[in-house]
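[1] the sequence and its predicted three-dimensional model are supplied below.
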There are 2 protein chains.
Amino acid sequence: MANIQQIARKAGVSVATVSRVLNNANLVTPQTRSKVESAIKELNYEPSMLGRNLRNSESRLMLVLLPSISNPFYNEIINGIQNTAIANNYNILLCETDSKAERENIYLNMIKNKLADGVISMDPTINMEKLNELAENHPVILCSEYEEGGSIPYITTDSELAAYQAVKYLIQLGNEKIALINSDEKFLYARLRRAGYERALKEFNLPIRDQWIYHTKDLEFQDGVQAMRMLLQLEERPQAVFAVSDTLAIGALKALNSGVQAFESIAVVGFDNISFSNMTNPTLTTVSQPMYKMGCLAANMLMSSIKGEKVENIVLDHELIIRESTMG
Amino acid sequence: MANIQQIARKAGVSVATVSRVLNNANLVTPQTRSKVESAIKELNYEPSMLGRNLRNSESRLMLVLLPSISNPFYNEIINGIQNTAIANNYNILLCETDSKAERENIYLNMIKNKLADGVISMDPTINMEKLNELAENHPVILCSEYEEGGSIPYITTDSELAAYQAVKYLIQLGNEKIALINSDEKFLYARLRRAGYERALKEFNLPIRDQWIYHTKDLEFQDGVQAMRMLLQLEERPQAVFAVSDTLAIGALKALNSGVQAFESIAVVGFDNISFSNMTNPTLTTVSQPMYKMGCLAANMLMSSIKGEKVENIVLDHELIIRESTMG
DNA sequence: AATCAAATTGTAATCGATTACAAATGGCTT
DNA sequence: AAGCCATTTGTAATCGATTACAATTTGATT
C-alpha cells in the first residue's frame, strides 16, 4: 500500500501538496492537481485513516452499543442511526456487548483511544458508572434505555405511559385478571412498564397479585414460553397478559397455541412492534415506538455532542397497535 | 486524555520505559514498573490505539460484513465469530452494508487503511471484483456465500444437497406439486438451492413448472407472504412449498394461515433454522446449518490468514429439522 | 526591467505510540 | 579499585498523515 510520500515523489511534488489535493484545498493549480491525481490512481493509493486520525484526532466513526443483535427491536433504530450518520459523512460500528463487562470495556476504550468519535448506547446492561465517567470527556448518547436523573443526554419513549395505556386497553376489553411478563427489574424500562401496569390496575380498583407478575431471565422467545406456562398452571389463571417485549409475548402466544383450546381466549399484548409480531398466529397487539426516527434523532444528538453543542433530552410518542391477539 | 510523554514525565522515566511497562516486557525493574504504573493510574491513562496501530500496523480488529442485521440468520454466526475473536484478543465490528456499494467501499477502505486487520464477508450482494482486489493484499474470508472457482477462502454448507434433501423429503411425503420460493438468482445460494430442488424433482420424474418457481425481491417476511399469495392464486395450486429462507417460509405460512382452511394442508419447508422458526404456528420444518460453528471457524480462518498462513476451504454439514409445517 | 502582492508550493513540526541502538548502571571478579 | 559483563534505561527514528510558516513562482503594474 502506497503512502503519501510515494505519491509525492511520483508526482514530483511535496507531501503537503498531495495532502492539499486529498482535502480539496483549492489552492492547488489544476496542472499539479492532475499530476497528483494520476499518481494516486497509478499507485492505487488510499490515505491512511490512522495517520489522518492521529493528526486530526477525529475518526468520523460512531459506535453503537447494544447487548445483542438477536433482539429485532434494535433493527429499525440501527437503520435510522446508520442512514443519518452516512448522510453526514459518519460511519457506524455495531458493537454487541452480550452484556459482558469485558466487551463493554473494549468498546468504551475505542472512544478513549480516539478510534471513534462518540457512542450511542442502547444497552440497558451497561455499567453506568463507567459510562458516566466516559461521558465527562467524550460524546455519549443514550437511546431507548436511559438513566433517571443522570447527566447523559437521552432519547426515549414514555414506557410507563405506554404500559399504562396497554393495560388499560386490556381492562376496557373486560379483562380483570391481568398478568405481567416482565424482565429483570434492574432495567429501568422494566420498572417503568411495571409501574404503568400497576397504575392502570389501581385506577380500576383491580388487585395487583404477585403471582401474576413473572420475571424472566432474558428476552428470548423461550423465556416467554416458560412464563406463560407458569401462568397457566396457576389456580387462578389470568385472562390477559401484558409482556414487556414482543419476543416474550410471542413466546407466550406459542405456549397458548400448544396448550388446550380454552387458552386461546387469553389476550396478549407485547411491546416493540418487531417485524415478526405481524407474522404470528394470531398476530400480536403491541406498543409501537417510532424506532427509525429514534435512531435518526439519536445520531443527530451524537453529532451535535461531538461538535460540542449542548443537547436536550427527547421523549418520543408511542402508539398501541391493535391486532388479533386481543380480539378474543 | 494523557499521553505517553506525560506518564513518562510524571514517573520520571523515558517514554521507552513506559512503553515497556505497557507491553510487559520483563526487562523493567519492579521499582520503575510500579512508579510507572502509579503514574498511569493517577493520570487515568489509556494508550492510544491510533499511535500504536500506526506504528505496529496492526489493529486486532476484524470486520464482519453483512447486508442487513434484520435477517436473524446471521445472529448465531456472529456469536461464533465474536466469541472466537475475543478469545484470541481480537475484536469484531459489525458492518451493515444494506447492499449499498458506497457503504461497502467505506468498510473495505477501513481494511486498506489498516483500521482493521481483516474481513469476514457474509454479504452475498458484495462486489466480488472489489473484494478480490482487496484480497490480493489483505486477509479476506467468505462465510456462507462464496464465489465458485474464486480464490478467496470460504466456509459454507452444501446448499444444493440440502435443498435436494429437503425437496426429496417433501416428495416422499407424497407431494407431487412442489413450489419453490427463491430469492434473486444472482446469488449463488439461490442458484444452488434451485439446482437441488430441480435435481430432486427430476429424480422422481416430476415436472419442473415455471409457474411454481417464484422469485422474491428480498428476504423479508412480507416477500414470503406475497409469494405464497401468488402461488395460491394459480389454477393448479402446489401441494408443498420449499422456501430458500426461513423468513420467506414464515411469510408463506402466514399467507396460508390467513387464507381458507383448505390451505392448511400445504406443507412448507424453510432454510436456516432461525429462532422464530420454532415460534410459528405450525412450527417450521427447516434446514439447519451449524451456524455457531461456522462463525467460530470463519474467525479462525481469518486469524490464520492474518498470520500469513494458507487456509483451506471448509464445507460443513447441515441437517433437516422436521417440525409441524410438514406434518399435514 | 524592476517591484510588489498574490498565488502556489515546499519544509519541517506534530499527533502518540514502538523499538533499534546507545548509554548508563550495578554487581561481580580479580 | 579497575575491568567486565549483564541488566536496565534513555535517545531518537519511525509509522502516515496535516498544516503553520517559509520560500518560491507568477503575473500585474509602473
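    Noted; the coordinates are in hand.

[2] can you report phi and psi for the residue in the stretch 101-250 of chain A positioned nearest to chain B?
    Relative to chain B, the nearest point of the stretch 101-250 of chain A is A:N113 (4.1 Å; CB to the nearest CB). In short, each C-beta sits where N, CA and C put it, glycine included. For A:N113, the backbone dihedrals (degrees, to the nearest 10) come out as phi -80, psi 10.

[3] quick check: the closest residue to it other than its chain neighbours vs DNA strand D, distance?
    In space, and not counting its chain neighbours, A:N113 is closest to B:M49: 4.1 Å by CB to CB, 6 or more residues apart in numbering or on different chains. Going from B:M49 to DNA strand D by CB to the nearest atom of the strand, to the nearest Å gives 12 Å.

[4] contact partners for the residue nearest the centre of chain A?
    Nearest residue to the geometric centre of chain A (CA atoms, centre = their mean): A:M122, 4.1 Å. By CB atoms under 8 Å, 6 or more residues apart in numbering or on different chains, the contact list for A:M122 reads A:64-67, A:74, A:77, A:142-145.

[5] near chain B, from the residues you listed?
    Counting by CB under 8 Å from any CB of the partner chain, A:Y74 from the contacts of A:M122 sit close to chain B.

[6] among the contacts of A:M122, which are in strands?
    A:64-66, A:142-143 (DSSP state E).

[7] let me know the closest of those residues to A:P282.
    Closest to A:P282 out of these is A:L66 (29.3 Å), distances taken as CB to CB.

[8] now do the phi/psi pair for A:V119.
    phi -140, psi 140.

[9] so it touches A:Y107, yeah?
    Yes. Using CB atoms under 8 Å, A:V119 is in contact with A:Y107, at 7.4 Å.

[10] for the residue in the stretch 151-300 of chain A that DNA strand D sits nearest to, list the residues it contacts.
    When scored by CB to the nearest atom of the strand, the stretch 151-300 of chain A has A:A299 as its residue closest to DNA strand D, at 24.1 Å. Going by CB under 8 Å, 6+ apart, A:A299 touches A:62, A:80-82, A:84-85, A:88, A:90, A:92, A:120.

[11] can you rerun that using 10 Å?
    A:62, A:64, A:77, A:80-88, A:90, A:92, A:118, A:120, A:141, A:143, A:155 (CB atoms under 10 Å, 6 or more residues apart in numbering or on different chains).

[12] which of the residues you listed are buried? Put it as a ChimeraX command.
    Buried subset of the contacts of A:A299, written as a ChimeraX selection, criterion 16 or more other CB atoms under 10 Å in any protein chain shown:
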select /A:62,64,77,80,81,82,83,84,85,86,90,92,118,120,141,143,155
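
[13] just the contacts of A:A299 that are near DNA strand D?
    Filtering these for proximity to DNA strand D by CB under 7 Å from any atom of the strand leaves nothing.

[14] now, the contacts of A:A299 that are in strands?
    Reading strands off the contacts of A:A299 with DSSP E, I get A:62, A:64, A:92, A:118, A:120, A:141, A:143, A:155.

[15] and of those, the nearest to A:Q233?
    For those, the nearest to A:Q233 is A:C143 (37.7 Å; CB to CB).

[16] that closest one is in contact with A:Y74, isn't it?
    Yes. Taking contacts as CB atoms under 10 Å, A:C143 lies within contact range of A:Y74: 9.4 Å.

[17] in a markdown table: the ones in strands among the contacts of A:A299, plus pLDDT.
    Below are those laid out as a markdown table (pLDDT from 0 to 100):
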| residue | pLDDT |
| --- | --- |
| A:M62 | 93 |
| A:V64 | 95 |
| A:I92 | 87 |
| A:G118 | 95 |
| A:I120 | 97 |
| A:I141 | 98 |
| A:C143 | 98 |
| A:I155 | 98 |
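
[18] what's the overlap in contacts for A:C143 and A:Y74?
    Common neighbours of A:C143 and A:Y74 (CB under 10 Å, 6+ apart) are A:64, A:66, A:81, A:122-123, A:291, A:295.

[19] doesn't A:V241 fall inside a strand?
    Yes. Under DSSP: H, G, I helix; E, B strand; the rest coil, A:V241 sits within a strand.

[20] now do it, the pLDDT please.
    Predicted confidence (pLDDT) for A:V241: 98.

[21] at which residues are the helices of chain A located?
    A:4-11, A:15-22, A:30-43, A:49-56, A:73-87, A:101-112, A:128-137, A:159-172, A:188-203, A:221-232, A:246-258, A:291-307 (DSSP state H).

[22] how about the fourth one: buried residues?
    Read it as helix A:49-56. In helix A:49-56, counting by 16+ other CB under 10 Å, buried: A:49-50, A:52-54.

[23] same thing with the last one?
    Of the residues in helix A:291-307, those buried by neighbour count under the rule 16+ other CB under 10 Å are A:291-306.

[24] can I get it as CSV, trimmed to CA atoms?
    Provided in CSV are the C-alpha atoms of helix A:291-307 (Å, rounded to 0.1, in the frame of the first residue of the first chain):
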residue,chain,number,x,y,z
MET,A,291,-37.8,3.4,16.1
TYR,A,292,-36.5,4.6,12.8
LYS,A,293,-37.0,8.2,13.9
MET,A,294,-35.5,7.5,17.3
GLY,A,295,-32.4,6.2,15.5
CYS,A,296,-32.1,9.3,13.3
LEU,A,297,-32.5,11.7,16.2
ALA,A,298,-30.1,9.8,18.3
ALA,A,299,-27.5,10.1,15.6
ASN,A,300,-28.2,13.8,15.3
MET,A,301,-27.8,14.2,19.0
LEU,A,302,-24.5,12.5,19.0
MET,A,303,-23.2,14.6,16.1
SER,A,304,-24.3,17.8,18.0
SER,A,305,-22.5,16.5,21.0
ILE,A,306,-19.4,15.8,19.0
LYS,A,307,-19.5,19.4,17.7
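
[25] quick one: average pLDDT of it?
    The model assigns helix A:291-307 a mean pLDDT of 96.

[26] remind me which residues of the stretch 1-150 of chain A are low pLDDT?
    Along the stretch 1-150 of chain A, segments meeting pLDDT under 70 are nowhere present.

[27] so which bits of it are right by DNA strand D?
    Counting by CB under 7 Å from any atom of the strand, the stretch 1-150 of chain A sits next to DNA strand D at A:1, A:3-5, A:15-16, A:18-20, A:22-23, A:45-48, A:50-52, A:54-56.

[28] give me the pLDDT value at A:V260.
    For A:V260, the predicted pLDDT is 66.

[29] likewise A:S265?
    Per the predicted model, pLDDT is 84 at A:S265.

[30] from chain B, how far out is it?
    16 Å (CB to the nearest CB, to the nearest Å).

[31] same check on A:G295?
    12 Å.

[32] re earlier: is the residue nearest to A:N113 in contact with A:L50, as I believe?
    Yes. Between B:M49 and A:L50 there is a contact under CB under 10 Å: 8.9 Å.
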